[in-house]
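Undergrad: Provide a 3D model corresponding to the input given below.
(one chain, ligands or ions: 1)
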Amino acid sequence: MSRLDTPENARWRQTARDIAEKVIRPLSKKYDELQEYPWEIKDALAEAGLMGVWIPKEYGGQAGETPVLDLCIVVEEISRADPAIGVLYAVNALGSFPILVGGTDEQKKRFLPEIAAGRKLVAFCLSEKTAGSDAQGLKVRAIKDGEETWSIHGEKKWTTNGGAADIYTVFAVTDPTSRSRRISAFLVEKDMEGFSIGKVEDKMGIRAVPVVETVFDGVKVGNDRLLGGRPGMGFRHAMMTLDRARPGVAAQGVGCAQGALELATVYAMRRQQFGKSISGFQMVQEMLANMSTKTEAARQLVYYCARQLDAGLDNTTLVAAQAKLYATDVSMEVTTDAVQIFGGYGYMRDYPIEKLMRDAKITQIYEGTNQIQRLVVARGLLKEAENLTHLNAYIPEEHQEVYEE
Ligand SMILES: Cc1cc2nc3c(=O)[nH]c(=O)nc-3n(C[C@H](O)[C@H](O)[C@H](O)COP(=O)(O)OP(=O)(O)OC[C@H]3O[C@@H](n4cnc5c(N)ncnc54)[C@H](O)[C@@H]3O)c2cc1C
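TA: Numbers count the residues shown, from 1 in each chain. This next block holds a predicted model:
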């Protein structure tokens, strides 16, 4: 338990931890090998009420005072046992945040209660084959073909939860001539005509959750499925969603790092070389100390970011990017060092540690690569520097002129 948890935070943490240890950890290897959706785990998460942590009570959820922090705590606890299940869970928040931030009241009432109850799963379809980091470069089109209707054409790439999910939040170009209002989001359901699943990816890590291509072959949707009821808001809704969802990926990184640290510590106390436990060697201790310190620093940055979002503060883009990039870089570093502490055994599939290193890698890539997060942070810093005019007096005369980027 974190000593600063509120009673509500502690309740979610304990619920998630119990499921993580009793249900998830024992099944982790099985689903990593099978690369199949673990319905039995999803059912356990839904039964415990965990699918409604981030959804307000008025829309059938169980959100309390700090829904983003609670979401992060649950993702962290699940990921500590299995980061693949961490994303399997968190992707439902990613898919439903657009409805929460941009949906009409009617759309919220129609879609959110089923998601909160865990009866319907949801996926987020932004990326395409030729539009990853450059989310403005989407090609999937939604064409207005009637007074109240649209038809969606094209393919999305990397849809996490695709095939398992019932609802798909799909970002499509509605006005190719506009720069700022080019994109709109639509709510598509799996049984709609023209919707299908394409290639199912064979992945390095997070193998329990499906990642697929989704195909939209003239899927017809009414205005009631246009997010927010008016076109052109899609890019804004996508960015607002990512600000809220990135702490969740960061929490996945923290949980994965914590899980690796714990396994490495337990192993180090049991492995003997040169007649003594390797945990007695100072270079191993140094690795463990660094792993622990970085994991804790990452955790606190994630919680700080989540608390800002829960407090409704604006300008959270920068701290969300910092949390995502720092926690996921730490996750990669810590899991790599954990494999090092296991030595040759760590490289083997029958030991649990190499999976965590494979699972950690994706957190540096999805929901915006860590290069893109650094761009976001740098842009934010340069903008904030405009308020530092009092420092001009300390910059010598020869460097007073300010140049554009
Ligand atoms: C397993 C998995 C699950 C995913 N799940 C989803 C999902 O559910 N929904 C969804 O919409 N998307 C999803 N994605 C897509 C993911 O968000 C993208 O892969 C990611 O944004 C990067 O896009 P890209 O793969 O096209 O890489 P690219 O954009 O082609 O980037 C390639 C490299 O170039 C770098 N780069 C690109 N532009 C810049 C720049 N301006 N400055 C510096 N470096 C740059 C990148 O950092 C990266 O290192 C998923 C991806 C994977 C692999």
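
Undergrad: And the strands in the protein?
TA: Using DSSP state E, the strands found in the chain span residues 122-125, 141-144, 149-160, 167-173, 183-189, 195-200, 211-222, 272-273, 276-277.

Undergrad: Which of the residues in the second one are classified as buried?
TA: When burial is assessed from 16 or more other C-beta atoms under 10 Å, strand 141-144 yields the following buried residues: A142. Every residue, glycine included, has its C-beta placed from N, CA and C.

Undergrad: now the fifth one
TA: Within strand 183-189, the residues scored as buried using 16+ other C-beta under 10 Å are 183-188.

Undergrad: what mean pLDDT does that strand have?
TA: Confidence over strand 183-189 (mean pLDDT, whole number) is 98.

Undergrad: From the contact counts, what lies against it?
TA: helix 83-102, strand 149-160, strand 167-173, strand 211-222, helix 234-270 (3 or more C-beta pairs under 8 Å, 6 or more residues apart in numbering; DSSP states H and E).

Undergrad: Of all these, which one is nearest the ligand?
TA: The ligand lies closest, by C-beta to the nearest ligand atom, to one member of the helices and strands packed on strand 183-189: strand 149-160, at 3.3 Å.

Undergrad: What angle do helix 83-102 and that closest one make with each other?
TA: Orientation check (axes from the mean of the first three to the mean of the last three C-alpha atoms, to 10 degrees): strand 149-160 against helix 83-102 gives 150 degrees.

Undergrad: Does the ligand have contacts with strand 149-160?
TA: Yes. Applying C-beta under 6 Å from any ligand atom, one finds strand 149-160 touching the ligand at 158-160.

Undergrad: Could you quantify the relative orientation of that strand and strand 195-200 as an angle?
TA: Put simply, strand 149-160 runs at 30 degrees to strand 195-200, going by the same axes, to 10 degrees.

Undergrad: Strand partners (parallel or antiparallel) of strand 149-160?
TA: strand 141-144 (antiparallel), strand 211-222 (antiparallel) (DSSP bridges).

Undergrad: Is it possible to get a markdown table of the ones you listed that adds distance to G259 and mean pLDDT?
TA: Converted to a markdown table, the strands paired with strand 149-160 look like this (distance: least, C-beta to C-beta, whole Å; pLDDT from 0 to 100):
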| stretch | distance to G259 | mean pLDDT |
| --- | --- | --- |
| strand 141-144 | 41 | 97 |
| strand 211-222 | 21 | 98 |
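
Undergrad: mind checking which of these is nearest E8?
TA: Closest to E8 of the strands paired with strand 149-160 is strand 211-222 (C-beta to C-beta; 32.6 Å).

Undergrad: quick one: contacts of the closest one?
TA: 123, 125, 140, 142, 145, 148-160, 162-163, 168, 170, 172, 186-188, 192-201, 203 (C-beta atoms under 8 Å, 6 or more residues apart in numbering).

Undergrad: repeat that for 6 Å
TA: 125, 148-160, 162-163, 186, 188, 192, 194-201 (C-beta atoms under 6 Å, 6 or more residues apart in numbering).

Undergrad: Out of the strands paired with strand 149-160, which one sits most buried?
TA: A comparison of the strands paired with strand 149-160 by mean neighbour count, using mean count of other C-beta atoms under 10 Å, puts strand 211-222 on top with a mean of 19.
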